[in-house]
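Undergrad: just need the structure, nothing else, for what follows:
(one chain, ligands or ions: 2)
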Amino acid sequence: MERFDYTRAESVETASRNAAMSADAGASPVMAATQYIAGGTNMTDYMKLGVMRPTRLVDLNPLALQGMARIEAGPHGLRLGALVRMAEAQDHAAIRRDYPVIAQSLMLAASQQIRNMASLGGNVLQRTRCEYFRETSWPCNKRDPGSGCAAMDGVNRQHAVLGTSDACIATYHGDFAQALIALDAAVDVTGPAGRRTLPFAALHRQPGDSPHVETVLAPGDVITAITVPAGSWTRRSRYVKVRDRDSYAFALASAAVALDLDGDTVRHARIGLGGVATVPWRAREAESALEGRRLDEAVAREAARIAFAGARAREHNAYKIPLGQRTLVRALLETRDMEI
Ligand SMILES: Cc1cc2nc3c(=O)[nH]c(=O)nc-3n(C[C@H](O)[C@H](O)[C@H](O)COP(=O)(O)OP(=O)(O)OC[C@H]3O[C@@H](n4cnc5c(N)ncnc54)[C@H](O)[C@@H]3O)c2cc1C
Ligand code: SF4
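TA: Ligands and ions are numbered 1, 2, ... in the order given. Predicted coordinates:
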């Protein structure tokens with residue numbers, strides 16, 4: 001690991017201003033010399049591997065005392081401070097009862113030790129686990145813009161089939177984000193120019209021809225909170241994750257589903273897909289295909305086929321298309337059958 005300075009954030013505004021000043025104009029925030037750290041489980045991993053080489057780390061944890069570690073659950077929805085630990089949110093009684101898809105997506109992620117340390121803000125901003133991104137001797141457009149993509153014709157079993165480009169096919173690996181995108185969450189951000197709120201669905205960018213620009217955040221931006229609106233669908237919600245082994249593994253395919261039902265007929269469906277796409281993926285065409293229909297297995301399969309209609313596979317990851325479809329069918333039927 002290279003040498004770096006370590007400072008503790010005194011206020012979100014000063015942290016943000018100072019971090020923005022150290023960045024090159026127009027640079028992607030992940031390439032800036034100053035980086036934030038929260039739980040550190042993703043950042044220190046990539047510093048040790050030489051994938052990230054910040055010269056200054058700003059620890060956001062002192063901001064916990066300024067409301068960034070609070071969970072508020074009320075009639076209008078949920079507010080999750082960005083410094084709330086994954087384990088704390090997964091165990092919160094109101095989240096387990098009223099937003100089960102959120103609790104499950106967190107519980108099925110990583111290990112208990114990592115969840116005790118990792119923050120929700122850091123979780124949604126975790127970087128890909130693409131093996132070629134993690135190993136600095138390989139070309140990678142995300143780590144070293146313009147160098148090429150070793151995964152394209154390499155071992156791409158873990159890689160994405162939705163939202164890919166000719167420059168990058170890396171999967172977005174997180175779980176929690178699929179629940180957030182399905183539930184229309186929003187993100188509160190404080191940046192050098194002040195505060196703003198953006199839809200969670202607008203946070204992550206598909207790779208296009210600049211895979212190193214992963215989000216719409218600007219240098220210095222701090223995520224302060226994630227908000228989730230209340231709705232009749234949040235209690236009937238579920239996260240299904242398929243992985244190589246039963247614990248402690250990233251999703252090969254996952255589906256976050258929230259349903260508003262009239263009997264077995266779908267008033268509205270909300271679907272987030274994980275493990276198969278370059279960003280947290282909202283399957284809106286599949287949602288439309290379900291609306292007004294009685295949800296049985298045939299209808300669920302049709303929606304799943306529509307969800308993957310635009311999928312593009314490479315040599316080793318074609319299995320993700322039928323696997324992703326089956327995962328979604330299972331999630332839809334299990335959500336329909338929930339007792340609430
Ligand atoms: C072995 C292993 C297995 C894992 N398995 C899974 C899994 O199955 N599912 C899953 O979802 N995750 C998994 N993870 C990832 C883990 O959940 C993330 O590492 C963790 O959530 C990141 O949170 P953190 O607080 O430690 O982030 P940090 O490492 O502190 O930060 C991550 C990034 O976010 C930025 N950042 C952090 N907080 C903020 C903020 N408030 N505002 C702006 N920028 C910020 C940092 O600058 C950094 O770029 C796994 C990790 C490991 C090591
Ligand atoms: S898929 Fe993306 S992250 Fe992986 S090697 Fe290619 S450019 Fe890099």
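Undergrad: helix/strand/coil for the residue of the stretch 101-250 of the chain found nearest ligand 1?
TA: Of all residues in the stretch 101-250 of the chain, residue 122 sits closest to ligand 1, at 2.1 Å by Cβ to the nearest ligand atom. For glycine as for every other residue, the C-beta is placed from the backbone atoms N, C-alpha and C. Three-state secondary structure (criterion: DSSP: H, G, I helix; E, B strand; the rest coil) places residue 122 in helix.
Undergrad: neighbours of the residue of the stretch 201-340 of the chain found nearest ligand 2, how many?
TA: Distances between the stretch 201-340 of the chain and ligand 2 by Cβ to the nearest ligand atom are smallest at residue 211, namely 5.2 Å. Residue 211: 26 surrounding residues under other Cβ atoms under 10 Å.
Undergrad: contacting residues for it?
TA: Counting by Cβ atoms under 8 Å, 6 or more residues apart in numbering, residue 211 makes contact with 141, 142, 145, 165, 167, 168, 170.
Undergrad: can you select the buried ones among the residues you listed for me in ChimeraX?
TA: The buried subset of the contacts of residue 211, as determined by 16 or more other Cβ atoms under 10 Å, is captured in ChimeraX by this line:
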select :141,142,165,167,168,170
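Undergrad: could you dump the contacts of residue 211 into TSV and include pLDDT and distance to ligand 2?
TA: Shown next, in TSV, are the contacts of residue 211 (pLDDT from 0 to 100; distance: Cβ to the nearest ligand atom, whole Å):
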residue	pLDDT	distance to ligand 2
141	98	4
142	97	4
145	95	9
165	98	9
167	98	6
168	98	3
170	98	4
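Undergrad: the residue of the stretch 101-250 of the chain closest to ligand 1 reaches residue 38, doesn't it?
TA: Yes: with contact defined as Cβ atoms under 8 Å, residue 122 and residue 38 form a contacting pair (4.2 Å).
Undergrad: got any residues that touch both of the two?
TA: Residues within reach of residue 122 and of residue 38 at once, by Cβ under 8 Å, 6+ apart, are residue 82.
Undergrad: wait, which of the contacts of residue 211 is closest to residue 277?
TA: Residue 277 has its nearest neighbour among the contacts of residue 211 in residue 170, at 10.2 Å by Cβ to Cβ.
Undergrad: for the closest one, give me its contacts.
TA: 128, 130, 133, 142, 151, 159, 160, 207, 211, 278.
Undergrad: helix or strand: which one has the residue nearest the centre of the chain?
TA: The centroid of the chain falls nearest to residue 177 when counting by Cα atoms, centre = their mean (3.3 Å). Take DSSP states H and E as the rule and residue 177 turns out to sit in helix 176-182.
Undergrad: can you tell me what sits against that helix?
TA: Residues from elsewhere that reach helix 176-182 (Cβ under 8 Å, 6+ apart): 86, 99, 101-102, 104-106, 109, 120, 123-124, 200-201, 204, 226, 228, 237, 239, 254-258, 270-274, 280-282.
Undergrad: please apply the same query to stretch 6-20.
TA: By Cβ under 8 Å, 6+ apart, stretch 6-20 touches 32, 34-36, 56-63, 66, 68, 190-192, 218-222, 224.
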